[in-house]
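In: Sequence and computational prediction follow.
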Amino acid sequence: MIAILPGLKTIIGAIFKSARLLMEVLLLMMFVLLIIALFGLQIFKGVLTHKCIKNLPPGINISHNDWGNYIQNKSNWLVIEDVDTMVCGNGTGTGRCPTNFTCLPGIGFNPNNGYTNFDNIGWALITAFQLITLDYWENTYNLVLRASGAFYIIFFIVVVMFGAHYIVNLVLAVVAASYEKEAKRKQEAKEEEERILELRRQKALLRVRENNLNPKERFRKCGKKLTRGFSMDSVMSWATEMAQLEDDEETDHQKKSKCYAFKKRLKRKFCSWTCCPTFLRLQEYLVMLVSHPIFEGVITICILINTLLLSIDYHQAPYSHALESGNTVSIVHDKHIINKRYVIYLQYSM
């Protein structure tokens, strides 16, 4: 079937040849998905369980257990027609509850039968995948903005524009580029085959014509072949082109030299500290340290630890404060090490 249809054969070949690039794009997509999920986990965990609870009649006092049962009772929630779960918020730009209702956190389940939330890394990944694939993403958009505020529209702009319209379409771009390259290769192979056949046909015709010529005409034709291509005009034009090419190369070299010299002067003026010999010796030792492979491994381990601390957090986790402290220390440490390495390399390059 594939051999019968050349177009289908080209498409299948393009898909197989783009497998390597597709794997790289999928890895990039997984990385972006993880970043979106971690960001949503840190700022939106538990916000979709905010609900409007009916106020108690004035003058009624109940126990703590009775209050817990009261707020978890669905009959005391604000219910609106055609809305699965009415979320609310108490911040600026959030959806406020009507009169005789109070917005309370941690009530009941999440919207859409509990499937739409950022309460842990698993649900955050699923919701992030829903956003970048634009599968009913406006529902999550409306729920989050009502519970957290209109300021978080920036989050959805970045996710939809970069994640949905760039990363997902990048897969199609890779397949389309591979198909175009495969079609072009087949067209070039076909043209090359036709050109070879045409040359063979022309050679056969010339051979037949030469066999029909007399000896005097053969000698005259050989003399024309030997003198072909040695006219004075062709030699002069070739010399002019070579001289112009050398002038252009010299001009480009001068421009690059001037730019490099200007850049070097700026670096020496603003990015170099050579006033203290002790500092220069310390700088050499630090360059040896930061250029060592173990140092890069330490940075990678710190980033992985930071990612792990972010991913194991969840809504109402008993160790959230400890995780927050660990994330703060890890982020500050990573930033300090990376900035220090950049500054040392910048100084040492002078």
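Out: Arrived safely. As the structure is a prediction and not an experimental result, all values here were calculated from the model.

In: tell me the average confidence for the helix or strand harbouring residue 102?
Out: Take DSSP states H and E as the rule and residue 102 turns out to sit in strand 101-104. Averaged across strand 101-104, pLDDT comes to 91.

In: Mind listing the strands it pairs with, and their directions?
Out: strand 51-54 (antiparallel) (DSSP bridges).

In: pLDDT averaged over the helix or strand just after the strand it pairs with - what is it?
Out: As assigned by DSSP H and E, the chain's next helix or strand after strand 51-54 is helix 64-71. Averaging pLDDT along helix 64-71 gives 89.

In: Contacts for helix 64-71 next, please.
Out: Applying CB atoms under 8 Å, 6 or more residues apart in numbering, the external contacts of helix 64-71 come out as 53, 56, 62, 76, 104, 107. Any C-beta I mention is one placed from the backbone N, CA and C, and that applies to glycine too.

In: follow-up on the earlier one: give me the contact list for the strand holding residue 102.
Out: With contacts defined as CB under 8 Å, 6+ apart, strand 101-104 is touched by 50-55, 71, 78, 88-90, 96-97.

In: again, only using 7 Å
Out: Here strand 101-104 makes contact (CB atoms under 7 Å, 6 or more residues apart in numbering) with 50-55, 71, 78, 88-90, 97.

In: Likewise for stretch 175-184?
Out: With contact meaning CB under 7 Å, 6+ apart, stretch 175-184 is reached by 10-11, 13-15, 17-18.

In: For that stretch, buried residues please.
Out: Using 16 or more other CB atoms under 10 Å as the test for burial, stretch 175-184 gives 175, 178-179, 182-183.

In: swap in stretch 146-158?
Out: Residues of stretch 146-158 classed as buried by neighbour count (16+ other CB under 10 Å): 146-149, 152, 155-156.

In: Which parts of the strand holding residue 102 count as buried, going by neighbours?
Out: Within strand 101-104, the residues that count as buried by 16+ other CB under 10 Å are 101, 103-104.

In: between those, which is nearest residue 31?
Out: Residue 31 lies nearest to residue 103 out of these, by CB to CB, at 36.0 Å.

In: Quick check: bridge partners of the closest one?
Out: Under the criterion used (DSSP bridges), residue 103 bridges to residue 52.

In: Return the distance of it relative to residue 111.
Out: To residue 111, residue 103 is 15 Å away according to CB to CB, to the nearest Å.

In: What about residue 162, how many residues nearby?
Out: 13 (other CB atoms under 10 Å).

In: can you count the residues close to the closest residue to it other than its chain neighbours?
Out: Leaving aside its chain neighbours, residue 162 sits nearest to residue 32 (7.5 Å; criterion: CB to CB, 6 or more residues apart in numbering). Neighbour count for residue 32, taken as other CB under 10 Å: 18.

In: just residue 39 next, same as before
Out: If you count neighbours by other CB under 10 Å, residue 39 ends up with 17.

In: quick one: average confidence on the helix or strand that contains it?
Out: Here residue 39, judged by DSSP H and E, is contained in helix 19-44. The pLDDT scores in helix 19-44 average 88.

In: tell me which residues of that helix are tucked away?
Out: Residues of helix 19-44 classed as buried by neighbour count (16+ other CB under 10 Å): 21-22, 25, 29, 32-34, 36-41, 44.

In: of all those residues, which comes closest to residue 127?
Out: residue 40 (6.7 Å).

In: Next, count neighbours for residue 79.
Out: 13.

In: Enumerate every residue touching it.
Out: By CB under 7 Å, 6+ apart, residue 79 lies in contact with residue 86.

In: helix/strand/coil for it?
Out: Using DSSP: H, G, I helix; E, B strand; the rest coil, the secondary structure recorded for residue 79 is coil.

In: And it, how close does it get to residue 140?
Out: 20 Å.

In: likewise residue 65?
Out: Per CB to CB, residue 65 is found 34 Å from residue 140.
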